[in-house]
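Trainee: what follows is a predicted protein model with its sequence.
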Amino acid sequence: MESASFVGCKIVNKGDIVFNRFKARLFAISDYEGVVSSDYAVYKCKDSADPRYIVTLFGTQMYRTAFDRKASGVGDGFSRLYTDDLFSFYAIFPPLEEQQAIVAYIDEKLQKIDQYMSDLQREIDYLKEFKQRLISDAVTGQLCVTKQ
């Protein structure tokens with residue numbers, strides 16, 4: 001589907017931070033180059049800032065709560081946060097190497113959590129399959145079930 005107009009649209013490049021101003025907490029790093037609607041703000045990082053650090057920082061509960069308080073709108077799904085409001089927040093920016101180390105540490109921990117969750121899901125799936133097989137064996141008489 002083609003847009004009727006590109007008025008107010010913004011160009012986004014790979015690596016830019018894209019912020020949905022209509023949903024005051026949605027920040028992402030663009031994997032693509034293209035155009036976004038006027039409901040989005042596009043930010044380019046200075047050389048002293050890692051966009052992954054910024055997105056991670058702004059995704060913390062502390063910042064999400066602060067954004068919710070500053071946003072205007074009729075509810076969680078429609079809470080607008082303007083660029084001026086966003087820039088009124090303070091943020092701690094350690095040296096770039098430290099930002100990268102923080103993001104790497106978080107990524108490592110998240111990968112471990114994802115692996116644990118994957119392992120647990122496999123175990124849950126196995127136990128469900130085992131339960132079904134046990135019920136099936138009991139119902140078909142392949143398993144002797146006696147009351148003691």
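Mentor: Nice, thanks for sending it over. Numbering: from 1, shown residues only.

Trainee: so how far is Tyr43 from Asn13?
Mentor: Distance, Asn13 to Tyr43, by Cβ to Cβ, to the nearest Å: 11 Å. For the C-beta atoms, the positions are set from N, CA and C on the backbone; glycine is no exception.

Trainee: for these two, indicate the residue with more neighbours.
Mentor: Tyr43 (16 against 11; other Cβ atoms under 10 Å).

Trainee: contact partners for the nearest residue to that one once chain neighbours are set aside?
Mentor: Leaving out its chain neighbours, the residue that sits closest to Tyr43 by Cβ to Cβ, 6 or more residues apart in numbering is Ile17, at 4.4 Å. With contacts defined as Cβ atoms under 8 Å, 6 or more residues apart in numbering, Ile17 is in contact with 27-30, 42-45, 51, 54-55.

Trainee: and the nearest residue to Lys44 once chain neighbours are set aside, what pLDDT?
Mentor: Distances taken as Cβ to Cβ, 6+ apart put Asp16 closest to Lys44, at 5.6 Å, once the chain neighbours are dropped. On the pLDDT scale, Asp16 is placed at 93.

Trainee: one step back: now the contacts of Ile17 in JSON lines, with pLDDT, distance to Tyr116 and secondary structure?
Mentor: Putting the contacts of Ile17 into JSON lines (pLDDT from 0 to 100; distance: Cβ to Cβ, whole Å; DSSP: H, G, I helix; E, B strand; the rest coil) gives the following:
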{"residue": "Phe27", "pLDDT": "84", "distance to Tyr116": "26", "secondary structure": "strand"}
{"residue": "Ala28", "pLDDT": "88", "distance to Tyr116": "25", "secondary structure": "strand"}
{"residue": "Ile29", "pLDDT": "92", "distance to Tyr116": "25", "secondary structure": "strand"}
{"residue": "Ser30", "pLDDT": "91", "distance to Tyr116": "30", "secondary structure": "coil"}
{"residue": "Val42", "pLDDT": "90", "distance to Tyr116": "36", "secondary structure": "strand"}
{"residue": "Tyr43", "pLDDT": "88", "distance to Tyr116": "34", "secondary structure": "strand"}
{"residue": "Lys44", "pLDDT": "90", "distance to Tyr116": "36", "secondary structure": "coil"}
{"residue": "Cys45", "pLDDT": "87", "distance to Tyr116": "32", "secondary structure": "coil"}
{"residue": "Pro51", "pLDDT": "93", "distance to Tyr116": "28", "secondary structure": "helix"}
{"residue": "Ile54", "pLDDT": "91", "distance to Tyr116": "27", "secondary structure": "helix"}
{"residue": "Val55", "pLDDT": "92", "distance to Tyr116": "24", "secondary structure": "helix"}
